[in-house]
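Asker: predicted coordinates and the sequence they were generated for:
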Amino acid sequence: MPVYTAVLIDTNIFIETKFNFDGGSLERLKSFRGRPENIIYDDVIYNEVVSHFSDLLLKSSNGLRRSFKEARRSKLLGADDCVPFDDLFVDEAGAVERAKDKFDRYLEECDALYLSTHENSDLERVLNDYFNLQPPFEFKESKKHEFPDAFCLTAVLSWAKRTDNNVLLVSSDKGWRDFCYQNSESLSIVENIADALDALQEFGVRSYYLGLFRGHWSTIEQSVSSCLQDVFHDQIVNGFVEIDATSYLHYDAEVEDVVIDEIAYDVDQNGDLCLSLIEIPDEGVNGDFVVSLSADVSYTVEASFGFSVRDSVDKDMMFLGGTVERVKNRDDIEIDVRLGTFGGMVYFVSADVQNVPSAVHFGDVEPDFSD
């Protein structure tokens, strides 16, 4: 296995992790401050992350603003009650400024190394790849959209060759993967941060801790499954989840319950768990280590819907009835499992679920008049 000296994170990874710079897999990259490998980024990655992140901040701010206006109109809140929340509202310029501030602080915490796209990219190669449909220009009808990726990738490749670095790219983009395969002497690629952290571990260390995890899986599986159920309930029922439904009436909806029906953990062709080692004890063999695994989770969400129509006389909403709907879903979920070790003993500490669904689709709904 090659020795990697630098890691580049694609924009789609930041989007998939919902820009959670202070938790989950993105937070683990802050450990690179004390490592010999560098987190690297260029102008393309920086500006794309800021753009997507600021769009999310603006959308969230506008949604929050609408909710407060509705609460004020309904007299649930008085005018003065909204004052403490003014800092949460941003316009387009304010969203960009906040996105830059948060991303800059994160890059500093990772001790990330900046590469100038202008100084390192290869314009001649980019144009040749464009006209010859070479990666990352995958499809003729959409290849113009790949120019930012092309400039980023050629810049990183040029820098890697000039400085004798071996770069590990983290991306789920097919164009990135094909580009890396064509330039495998300097670039390699994995699809997620967990696999990147695993690839940076020494072979002997990886083999030891993954063997330890598999050997104790039968005793910790129930704890992991129970934690997964708790997280789903907390984030979908008690947290915020977007309910998407189609109805000819106005409706208000609320999630009532979520039940995990089945968990199928990913295994390889030999039936062994597919695992990535992403953290080891700071010193010696005693302490915590973290392993990432994926699962296909089937679950049922129950939500109550209340339907109403506007009364043209009273100028108010008139309640018509309600219904309780259930929908079954399946999603691929990533789980970081923390185990503790002491004196040869191994025990479950916690499980961090990376990508609990933030939206549930119920399809067509209408009042239940059966009673």
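Answerer: Right, received. Where do you want to start?
Asker: can you map out the strands along the stretch 51-200 of the chain?
Answerer: Listed in chain order, the strands found in the stretch 51-200 of the chain under DSSP state E, counting those that start in this stretch are 113-115, 167-170, 187-190.
Asker: mean neighbour count, those: which tops it?
Answerer: strand 167-170 (a mean of 24; mean count of other Cβ atoms under 10 Å). Bear in mind the C-beta positions are built from the backbone N, C-alpha and C, glycine included.
Asker: who's in contact with that strand?
Answerer: 4-10, 13, 40, 156, 160, 176, 180, 186-193, 195-196, 199-200 (Cβ atoms under 8 Å, 6 or more residues apart in numbering).
Asker: partners of that strand in the sheet?
Answerer: Using DSSP bridges, the strands paired with strand 167-170 in its sheet are strand 6-9 (parallel), strand 187-190 (parallel).
Asker: could you pull up the contacting residues of the closest residue to residue 17 other than its chain neighbours?
Answerer: Using Cβ to Cβ, 6 or more residues apart in numbering and skipping residues adjacent in sequence, the residue nearest residue 17 is residue 26, 5.3 Å away. By Cβ under 8 Å, 6+ apart, the contact list for residue 26 reads 14, 17, 19-20, 106, 193.
Asker: which of those count as buried?
Answerer: Buried by 16 or more other Cβ atoms under 10 Å: 14, 17, 19, 106, 193, out of the contacts of residue 26.
Asker: residue closest to the middle of the protein?
Answerer: When Cα atoms, centre = their mean is applied to the chain, the residue found nearest the centroid is residue 17 (1.7 Å).
Asker: hang on, isn't that residue packed against residue 334?
Answerer: No - at 9.8 Å, residue 17 and residue 334 do not qualify as touching, with contact defined as Cβ atoms under 8 Å.
Asker: overlap of the contact sets of the two?
Answerer: Joint contacts of residue 17 and residue 334 (Cβ under 8 Å, 6+ apart) are 25, 354-355.
Asker: most neighbours among those residues, which one?
Answerer: residue 25 (24 neighbours; other Cβ atoms under 10 Å).
Asker: what sits up against stretch 46-56?
Answerer: Taking Cβ under 8 Å, 6+ apart as the rule, stretch 46-56 contacts 11, 14-15, 18-19, 92, 95-96, 98-100, 102-103, 114, 148.
Asker: buried ones in it?
Answerer: 46, 48-50, 52-54.
Asker: the longest helix in the protein is where?
Answerer: helix 43-73 (DSSP state H).
Asker: shaky segments in this structure?
Answerer: 1, 71-87, 126-127, 129-145, 283-285, 312-315, 371 (pLDDT under 70).
Asker: try it again with 80
Answerer: The chain contains residues with pLDDT under 80 at 1-2, 31-36, 63-89, 120-146, 202-204, 239-240, 282-286, 310-318, 343-344, 369-371.
Asker: and the next element down the chain from the longest strand seen in it?
Answerer: If you go by DSSP state E, the chain has its longest strand at strand 316-342. Note on strand 316-342: by DSSP states H and E, the next helix or strand toward the C-terminus is strand 345-353.
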